[in-house]
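> Only the shape, not the letters, is given here:
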């Protein structure tokens with residue numbers, strides 16, 4: 001995410017730099033990258049004998065970034081569901097997963113509580129939940145949600161299939177007893 005700044009000076013002989021780059025008065029600067037949180041941008045005006053510096057503080061708020069990961073420890077009846085949440089500098093809460101046998105989540109959908117259920121900072125926080133009661137050889141769909149002051153974000157959907165039930169072979173036993 002970026003911002004452009006258009007400085008205007010009254011002294012036609014003055015030079016202007018915005019974020020270290022020369023800018024013509026009345027023209028927009030190049031794109032200035034913004035990080036999540038507080039950004040400081042310096043504007044320096046020089047007319048040959050005097051220099052004036054103005055500092056702009058721009059706060060960029062971003063919704064959380066939510067990424068669903070592959071489930072682990074998948075069995076015929078259970079799995080560990082995994083995701084990461086980057087709070088992007090804002091306290092993030094209401095982190096949870098949805099699990100469904102419907103790819104559209106229109107039916108048979110469960111809300112799954114994760115641990116931890118909150119995140120903060122600007123790096124990824126791993127969240128997970130163990131689920132049981134799954135059915136052998138069934139395709140499941142999972143997605144993650146997280147909310148901060150800027151908004152609620154949803155991950156992409158990940159699908160996985162539980163393995164088939166174990167096969168147990170049996171055979172007839174014949175009478176092997178002896179009589180004496």
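That came through fine. Quick caveat, the model's predicted, so the values are computed rather than measured.
> And stretch 158-174, what's buried?
For stretch 158-174, the buried set under the neighbour-count rule, 16 or more other CB atoms under 10 Å, comprises 158, 162. Where C-beta positions appear, they are placed from N, C-alpha and C, glycine not excepted.
> Repeat that for stretch 12-29.
Here stretch 12-29 shows 14, 15, 16, 17, 18, 19, 23, 29 as buried, counting by 16+ other CB under 10 Å.
> With stretch 96-114 instead?
Residues 96, 97, 98, 99, 100, 112, 114 are the ones in stretch 96-114 that count as buried (16+ other CB under 10 Å).
> Narrow those residues to those in strands?
Using DSSP state E, the subset of these located in strands is 96, 97, 98, 99, 100, 112.
> Rebuild those residues as a markdown table, extending it with distance to residue 147 and pLDDT.
Listed next are those as a markdown table, based on distance: CB to CB, whole Å; pLDDT from 0 to 100:
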| residue | distance to residue 147 | pLDDT |
| --- | --- | --- |
| 96 | 10 | 97 |
| 97 | 14 | 98 |
| 98 | 14 | 97 |
| 99 | 19 | 98 |
| 100 | 20 | 97 |
| 112 | 16 | 97 |
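> ok, which pair from these is furthest apart?
Considering CB to CB, no two members of those lie farther apart than 96 and 100, which are separated by 13.3 Å.
> Now do stretch 170-180, average pLDDT.
Average pLDDT, stretch 170-180: 66.
> Over to stretch 17-24?
When pLDDT is averaged along stretch 17-24, the result is 94.
> Alright, I will stop here.
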